[in-house]
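Peer 1: Have a look; sequence and predicted model below, questions after that.
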Amino acid sequence: LMDPQRVSHYELGRRLGRGGMGEVYEAFDVKARRKVALKFIAPELAADPDSFRRFESEAVNAAQMHHPHIAMLFEFEPEGDRPFIAMELVPGASLRERIAEGPLPVDRAIEIGRDVASALGYAHRRNVIHRDIKPENLMFDEDGRVKVMDFGLARALLASRLTVTGSTLGTASYMSPESLGGVSGPPGDVFALGLVFAEMLTGQPVYPGDNPLSVMFMIANQEPPPLRDQRPEVSEEIESIARRMLVKDPAGRIEAVAAAQELARLSGRPLSTQELPGPPPASPGPHESTGAAAPATPNGRKGRPGAIASIVLALVAIAAVGVWRMSAGRVSPEAHQRAVLLSNRGYEALGSGELATARGLLAAALREDPGYAEASLNLGTLYASAHEGDSATMTYTRLLRTHAKDARVAFMAHYGLGNLNLDSEAFDQAVVHFEVAFRLDSTRKEAFNGLGLALVRSGRAGEGLAVLTRGLARFPVEAALHKNAALAHWTLGEVERARDEAGRALELSPGYPAAFAVRTRARARLGEIGGSLADWRAYVASNPAAAEKAAVEADLVAAGVPAAALAAASSAQP
C-alpha cells in the first residue's frame, strides 16, 4: 500500500481500490480545494508507448466533456514516474453493488437508463466513445445520481496487452457483436447499455456464463430472452426499447439520443438542456474562441447480422432532440429523416473543407425540412467559414426569430453572431451577443470563452479575465481558455503571467498558433530572445494572416528582437 503523501498539488488519502488503469486513491486538490479521485496509470500501460499515447489522447478528449451524468476528468499528468489522472470523486456505490442486492424497481431502472443514455448521446455527438459500459463503470454520487466513469479511456486498455484479474469476463459480458470483430463505435456503447438495462430489470446478465468465449459466442449468435418472461410487470414499451438497443446489426440499433428521449418520456422527466447532446464544437475561428456546428455521422456499410467479421458501422442519424418536428404541418417524418442525413453529410463535407459540396447538401436538407435548426446552424458555420458574413448574420438572425423558445438554438445563434462580430472587430456588439449566450447557458466552456475574449478585445480586459478565470475553475484543461487568459494578462501588462498561461495552452494543445502569438510577444518583452524566436518560428509555420503576423512582428521588434533574426527564423520554415 502507498502511504499518504503529496503528489503534485494533491494530498493522497486512502486507497479506494484497483481498476483497469491501476490504483485509485482519494486525494485532496490543494489548489482547487476539493476532493478528487487520483488514478495512477498501471506501469504496464505507461511502459507501452503506443497504448500510453492513445490513453493520453483519450484523456484529453474526455476532459472536454461536461455533462451531469459523466464523471468529470480534471487533469491528466503524463510526466514523471507515476502518471495519473485526477477525476471527480464519486463517493457512492456502483451499479454492480446495487444489482447484487436484486433487480431494481422498474421506475429506477428506467431513470438510470435514461441518464446513462443521455450521457452517451452527449459524448457520441462529440465523437467520443466509452467502449466499456458495464455496471462497474456506473456509480452513484451522494445525491443518488448515476455517473459514467472513465469515459473514453478504455481504448488504450483494450489495445494494450494488459490482463487485469477479474475484469476480462465482466468486459466480455457487455461487448457488442461488432466489437467482437474489432469494430468499435457509438452503437457498441448502446448495445452495452441495453445489456445493463436488462440486467437492472432482471438481476441477471443477459448472457450468463463462466467462460468469456462462450459468453461472446452467445452475444454473436443468440437473441436475448424476452424481458417480460423474467419480469412480468415490464411493459411492452420498455421491452421494445431494450430490444432495439440489443439489435445485432449496429445499423439497425437505436441511437443513444433516441433511447434517452424514449426513456425520459417513460420516466415522466424530460431531458434538461444540460442533458441534451447539443451541437459539438466546430473548428475555432480566427479569434480562437470556439464555434459550433451540427453533428457528424460516421459512414459505413451494412453487414449481415451474426457475421461478426463483416459487421461495419452504418449509423442512421436522428435529430438532436430525437424526434421529428412539423414545419407548418407539412414535413413528414421521412422528409425530416432525409434532412438529418443530408445535414450530417454536409457537416462532414464542411469539416473536410469541401464548401461547395457542403453548401449543396445543406440546401437540400433545408428543402426537405425548412425548420430543421441543425441544418441552419451548419449553414451559418459554412457562411462564416466562407467569409460570407452577411449571409451568416441573416441565417443566425432568422433562427432567433423562428426558434425563439429553443434555448439551445438561441445560444448557438447568439454565439455565432458574437464570433462574426469578433471577426469584423465589432467588439462591443460581440460582448452583447456573448452576454446573451452566457445567460442562456453558462454551463458550457464556449460561454466563458466567447464572453471573456470579447470583453478583452473590447478594452475590458479586467472583466474578461474574471470571466475566463471562472471558466478555468470549471474547465482547467481547456486550451482556448488558457490562451484567452494569456491574452488578458498581456493586455493588462502582466507579462510573466501571460507567458505562463500561453505555455499552459500549448501543453494542452501543442502547435496552437494563437498561443504561440501571445507567448512569443511575452518572451520578447521578458528578454527571452531565444525562446521568443522559437515561438515565432512555430507561429509563422501556421501561416497566419498577413496583418496579424505584421502586428506580432512589430511588437517583437519593439521589444528588442532583431528584425534580421526574425527574417531568418521566418525563412527557415520548411
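Peer 2: Nice, thanks for sending it over.

Peer 1: now the helices: where do they sit in the stretch 101-250 of the chain?
Peer 2: 106-125, 154-159, 168-172, 186-202, 212-221, 227-230, 236-245 (DSSP state H, counting those that start in this stretch).

Peer 1: Same check on the stretch 301-450 of the chain?
Peer 2: Using DSSP H, counting those that start in this stretch, helices in the stretch 301-450 of the chain cover 333-351, 355-368, 373-385, 389-402, 407-423, 427-440, 445-457.

Peer 1: mean confidence for the first one?
Peer 2: Summarised as a single mean, pLDDT over helix 333-351 is 82.

Peer 1: Show me what it is packed against.
Peer 2: Judged by 3 or more CB pairs under 8 Å, 6 or more residues apart in numbering; DSSP states H and E, helix 333-351 is in contact with helix 355-368, helix 373-385. C-beta coordinates here come from the backbone N, C-alpha and C atoms, glycine included.

Peer 1: Between helix 355-368 and that helix, find me the angle.
Peer 2: Angle, helix 333-351 to helix 355-368, by axes from the mean of the first three to the mean of the last three CA atoms, to 10 degrees: 160 degrees.

Peer 1: report the angle between the axes of helix 333-351 and helix 373-385?
Peer 2: 20 degrees.

Peer 1: Tell me which residues of helix 333-351 come out buried.
Peer 2: 336-350 (16 or more other CB atoms under 10 Å).

Peer 1: Can I get it in CSV, CA atoms only?
Peer 2: Written as CSV, here are the backbone C-alpha positions of helix 333-351 (Å, rounded to 0.1, in the frame of the first residue of the first chain):
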residue,chain,number,x,y,z
PRO,A,333,-41.1,12.0,-40.6
GLU,A,334,-39.4,10.6,-43.7
ALA,A,335,-38.6,14.1,-45.0
HIS,A,336,-37.2,15.1,-41.7
GLN,A,337,-35.1,11.9,-41.6
ARG,A,338,-33.7,12.8,-45.1
ALA,A,339,-32.9,16.3,-43.8
VAL,A,340,-30.9,14.9,-40.9
LEU,A,341,-28.9,12.6,-43.1
LEU,A,342,-28.2,15.4,-45.7
SER,A,343,-27.3,17.9,-42.9
ASN,A,344,-24.8,15.4,-41.4
ARG,A,345,-23.2,14.7,-44.8
GLY,A,346,-23.0,18.5,-45.2
TYR,A,347,-21.2,18.8,-41.9
GLU,A,348,-18.7,16.1,-42.9
ALA,A,349,-18.0,17.9,-46.2
LEU,A,350,-17.6,21.2,-44.3
GLY,A,351,-15.1,19.6,-41.9
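
Peer 1: Off-centre distance for that helix?
Peer 2: 21 Å (CA atoms, centre = their mean, to the nearest Å).

Peer 1: Repeat that for stretch 533-545.
Peer 2: In terms of CA atoms, centre = their mean, the centre of stretch 533-545 is found 29 Å from the chain centre.

Peer 1: before we move on, the earlier item: can you tell me which of the helices and strands packed on helix 333-351 is most buried?
Peer 2: helix 373-385 (a mean of 26; mean count of other CB atoms under 10 Å).

Peer 1: and Leu246, which of the helices and strands packed on helix 333-351 is closest to it?
Peer 2: helix 373-385 (28.1 Å; CB to CB).

Peer 1: Packing partners of that closest one?
Peer 2: By 3+ CB pairs under 8 Å, 6+ apart, helix 373-385 packs against helix 333-351, helix 355-368, helix 389-402, helix 407-423.

Peer 1: Run through who's touching stretch 444-454.
Peer 2: Stretch 444-454 is contacted from outside by 64, 66, 281, 287-290, 292, 411, 415, 418-419, 421-422, 427, 430-431, 434-435, 437-438, 441-442, 464-465, 467-468, 470-471, 474-475, 478, 480-481, 484-485, 487-488, using CB atoms under 8 Å, 6 or more residues apart in numbering.

Peer 1: ok so, going back, ok, which of the helices and strands packed on helix 333-351 comes nearest Arg6?
Peer 2: helix 373-385 (45.7 Å).

Peer 1: Report the mean per-residue pLDDT for the closest one.
Peer 2: 92.

Peer 1: Please compute how far it lies from its chain's middle.
Peer 2: Distance, centroid of helix 373-385 to centroid of chain: 20 Å (CA atoms, centre = their mean).

Peer 1: hang on, the earlier thing: out of the helices of the stretch 101-250 of the chain, name the one with the poorest average pLDDT.
Peer 2: Among those, helix 154-159 scores lowest, at a mean of 48.

Peer 1: quick one: the nearest residue to Tyr539 once chain neighbours are set aside from Arg499, how far?
Peer 2: Once flanking residues are discounted, Tyr539 sits nearest to Phe516: 4.0 Å by CB to CB, 6 or more residues apart in numbering. Counting by CB to CB, to the nearest Å, the gap from Phe516 to Arg499 is 11 Å.

Peer 1: How about Leu399?
Peer 2: From Leu399 over to Arg499 (counting by CB to CB), the distance is 40 Å.

Peer 1: Could you pull out the buried residues of the helix or strand that contains the residue nearest to Tyr539?
Peer 2: Phe516 belongs to helix 513-525 when assigned by DSSP states H and E. Buried positions in helix 513-525, judged by neighbour count with 16+ other CB under 10 Å: 513-525.

Peer 1: Show the contacting residues for the spatially closest residue to Leu440 that is not a sequence neighbour.
Peer 2: Leaving out its chain neighbours, the residue that sits closest to Leu440 by CB to CB, 6+ apart is Phe411, at 4.4 Å. Shown in contact with Phe411 (CB under 8 Å, 6+ apart): 437, 440-441, 444, 447.

Peer 1: With distance to Val561 added, can I get these in a markdown table?
Peer 2: Listed next are the contacts of Phe411 as a markdown table, based on distance: CB to CB, whole Å:
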| residue | distance to Val561 |
| --- | --- |
| Ala437 | 38 |
| Leu440 | 44 |
| Asp441 | 42 |
| Arg444 | 38 |
| Ala447 | 37 |
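
Peer 1: Not counting its neighbours along the chain, what's nearest Glu435?
Peer 2: Leu451 (6.2 Å).

Peer 1: same check, this time on Val409
Peer 2: Using CB to CB, 6+ apart, the nearest residue to Val409 is His403, at 4.1 Å.

Peer 1: swap in Leu263?
Peer 2: Here the residue nearest Leu263, using CB to CB, 6+ apart, is Arg114, at 3.7 Å.

Peer 1: worst-scoring helix or strand of the chain, pLDDT-wise?
Peer 2: helix 154-159 (a mean of 48; mean pLDDT, DSSP states H and E).

Peer 1: buried ones in stretch 64-77?
Peer 2: For stretch 64-77, using 16+ other CB under 10 Å, the buried residues are 64-65, 67-77.

Peer 1: Also stretch 184-193?
Peer 2: 184-193.

Peer 1: which residues are contacting stretch 458-467?
Peer 2: Contacts for stretch 458-467 (CB under 8 Å, 6+ apart): 427-428, 430-431, 448, 451-457, 484-485, 488-489, 491-492.

Peer 1: among the residues you listed, which ones are buried?
Peer 2: Buried, going by 16+ other CB under 10 Å: 427, 430-431, 448, 451-457, 484-485, 488-489, 491, out of the contacts of stretch 458-467.

Peer 1: Val36 looks like it's in a strand, true?
Peer 2: Yes. Using DSSP: H, G, I helix; E, B strand; the rest coil, the assignment for Val36 is a strand.

Peer 1: Specify the beta-bridge partners of the residue lying closest to it once chain neighbours are set aside.
Peer 2: The shortest distance from Val36 to any non-neighbouring residue, by CB to CB, 6+ apart, is to Ala86 (4.7 Å). Applying DSSP bridges to Ala86 gives these bridge partners: Leu38, Glu75.
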